[in-house]
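# Whatever this is, show me its structure:
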Amino acid sequence: MSNDFENSQEYRKALEIVKKQQKLYKNVTRAISPEALAKFQELSDKLNEWKNSLNNMPGLLKLAEMLKNYQQEVRETEGLTEAEFEEKYRDKVEFLLCGGLDDNPKAIKEEELKSVCDGGYIQWLGYRTDVLELLKSCHIVAFPSYYKEGLPKSLIEAAAVGRPIVTTNSIGCKETVVDGYNGYLIPVKDSDTLAEKLNLLFEDENLRQNMGRNSRILAEKDFSIENVIHRHLEIYSQLSKA
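Residues are numbered from 1 along each chain as shown. You can find the predicted model right below:
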């Protein structure tokens, strides 16, 4: 390749676009649908092939622009990066983290919590005894646990108060949510899907209210004290006959 070609405006423009795509690729692929990701990956792979060969400069520029436009479309319609999520909601949403610290060596440390909590957008409330009042004052309950829980009391309370719930599709947690009815079940350790579902609820007041009402219906049906007592008596009866 000649030095004149390497110094040409077309070559520099092509490489600039390629480098930008590579730099942003990780963010672009967060929280988007499998179909969009597959299309983006296809274009990205093709772009990298062309970058390596540089045999067709006009074609490379066209493909790079095509990928750039598609990237923008994906970002606007199907997903937000962490920074974009914060920028969009910092002055509209408050995240309240409620609970004390655990003495388990693997548990999150106080300094780690404080490093991500700014007291405004994200607030760590510590151990609280007024959980009912906190639930009444909030609009959504998110519980993305990746432990093998029992049936989390916090989610039963959230359902009883009538709040939409976003939690993991794991043992215990999944018993409190009918996906798409009173909230969303997300994969364990999937922050992208968590952000996606929260985004849906943030943007749609009617959806929040409907799912909240459905949570209350579910709580009355499955988690009332009468129902819990009845189920326990059934279990005891079965065990006594065994």
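# Now do the helices in the protein.
3-6, 9-28, 34-53, 57-77, 82-89, 110-116, 131-137, 153-161, 191-203, 205-222, 225-241 (DSSP state H).
# Kindly export the fifth one (C-alpha atoms) in PDB.
What follows is helix 82-89, C-alpha atoms only, in PDB (Å, rounded to 0.1, in the frame of the first residue of the first chain):
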ATOM      1  CA  GLU A  82     -25.300   2.300  31.500                       C
ATOM      2  CA  ALA A  83     -24.100   5.900  31.000                       C
ATOM      3  CA  GLU A  84     -27.100   6.700  28.700                       C
ATOM      4  CA  PHE A  85     -29.500   5.100  31.200                       C
ATOM      5  CA  GLU A  86     -28.200   7.300  34.000                       C
ATOM      6  CA  GLU A  87     -28.200  10.400  31.800                       C
ATOM      7  CA  LYS A  88     -31.800   9.700  30.800                       C
ATOM      8  CA  TYR A  89     -33.200   9.100  34.300                       C
END
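# buried sites along that helix?
The neighbour-count criterion (16 or more other CB atoms under 10 Å) identifies Phe85, Tyr89 as the buried residues of helix 82-89. C-betas here are computed from N, CA, C, even on glycine.
# other SSEs contacting that helix?
Judged by 3 or more CB pairs under 8 Å, 6 or more residues apart in numbering; DSSP states H and E, helix 82-89 is in contact with helix 191-203.
# Does Ala107 touch Leu101 like I think?
Yes. Between Ala107 and Leu101 there is a contact under CB atoms under 8 Å: 6.7 Å.
# ok, those two, which is more surrounded?
Leu101 (13 against 9; other CB atoms under 10 Å).
# out of everything not next to it in sequence, what's closest to the more buried one?
Spatial nearest neighbour of Leu101, excluding adjacent residues (CB to CB, 6 or more residues apart in numbering): Glu110 at 5.9 Å.
# in terms of contact, does that neighbour touch Gly100 like I think?
No. The criterion here is CB under 8 Å, and Glu110 misses it with Gly100 at 10.0 Å.
# Quick check: beta-bridge partners of Ile186?
Residues in a beta bridge with Ile186, per DSSP bridges, are Thr168.
# does it really touch Ser170, like I thought?
No. Here Ile186 does not reach Ser170: they are 9.7 Å apart, not a contact under CB under 8 Å.
# Of the two, which one has the most company?
Remark: of Ile186 and Ser170, Ile186 carries more neighbours, 25 against 18, as counted by other CB under 10 Å.
# residues touching the more buried one, list them.
Pro144, Val166, Thr167, Thr168, Asn169, Thr193, Leu194, Lys197 (CB atoms under 8 Å, 6 or more residues apart in numbering).
# ok, of those, which come out buried?
Pro144, Val166, Thr167, Thr168, Thr193, Leu194, Lys197.
# Not counting sequence-adjacent ones, nearest residue to the last one?
Computed as CB to CB, 6+ apart, the closest residue to Lys197 that is not its neighbour in sequence is Tyr184, at 4.2 Å.
# By mean pLDDT, flag the weakest helix or strand of this protein.
Using mean pLDDT, DSSP states H and E, the weakest-scoring helix or strand in the chain turns out to be helix 3-6, at a mean of 52.
# Relative to Glu234, how far out is Lys241?
Lys241 sits 11 Å away from Glu234 when distances are taken as CB to CB, to the nearest Å.
# With Ser215 instead?
On the measure of CB to CB, Ser215 and Glu234 end up 25 Å apart.
# Quick check on the two: which one has the bigger neighbour count.
Set Ser215 next to Glu234 and count neighbours by other CB under 10 Å: Ser215 wins out with 26 against 10.
# Wait, the more buried one touches Ala158, no?
Yes. Between Ser215 and Ala158 there is a contact under CB under 8 Å: 6.9 Å.
# Name the residues contacting each of these two.
Ile165.
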